[in-house]
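>>> Got a predicted structure here, sequence first:
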Amino acid sequence: MSTGRTDEFRKEAVRIALTSGLLRRQIADDLGVDFSTLNKWVSAHRDTGVVSAEDRDLARENEQLRREVLICLLQSGPSTILVWTLKERENGQETRA
């Protein structure tokens, strides 16, 4: 049974999934769609231009910055990592290594 999501809604969900840095499971939950449904939309729309070159570049830059922050945290010690992880969870982000 279809929930009647518009194509615009699907494209925006794909854009968020490909550029936000959030986990897809979290995005699916936030949007009220099934995780597998979101993945199907991403597969269907990935190469359709739904994400601009600028958005892709920004997403890559954000991912690089996340890696650099993680490296700095690892060099700072376990207590710093714990504090940072707890703050990220409070902000709705999940840390990925």
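Cool, got the structure.

>>> Now do the phi/psi pair for Pro78.
Backbone geometry at Pro78, expressed as degrees, to the nearest 10, gives phi -60, psi -40.

>>> count of residues packed around it?
For Pro78, the neighbour count with other C-beta atoms under 10 Å is 9. (Each C-beta comes from the backbone N, C-alpha and C, glycine too.)

>>> Could you do Asp7 as well?
The local packing count at Asp7 equals 10, with neighbours defined by other C-beta under 10 Å.

>>> Equivalent analysis for His45, please.
19.

>>> That one against Glu8, yeah?
No. Contact criterion C-beta atoms under 8 Å: His45 and Glu8 do not qualify, at 11.4 Å.

>>> Using PDB, write out every CA atom in the lowest-mean-pLDDT helix or strand in the chain.
None of the helices or strands of the chain scores lower by mean pLDDT, DSSP states H and E than helix 78-90, at a mean of 76. Provided in PDB are the C-alpha atoms of helix 78-90 (Å, rounded to 0.1, in the frame of the first residue of the first chain):
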ATOM      1  CA  PRO A  78      39.600   8.800  25.800                       C
ATOM      2  CA  SER A  79      37.900  11.300  28.100                       C
ATOM      3  CA  THR A  80      37.800  13.900  25.300                       C
ATOM      4  CA  ILE A  81      36.300  11.300  22.900                       C
ATOM      5  CA  LEU A  82      33.600  10.500  25.500                       C
ATOM      6  CA  VAL A  83      32.600  14.100  26.000                       C
ATOM      7  CA  TRP A  84      32.500  14.800  22.300                       C
ATOM      8  CA  THR A  85      30.400  11.700  21.600                       C
ATOM      9  CA  LEU A  86      27.900  12.600  24.200                       C
ATOM     10  CA  LYS A  87      27.500  16.100  22.800                       C
ATOM     11  CA  GLU A  88      27.100  14.700  19.300                       C
ATOM     12  CA  ARG A  89      24.300  12.400  20.400                       C
ATOM     13  CA  GLU A  90      22.600  15.300  22.200                       C
END
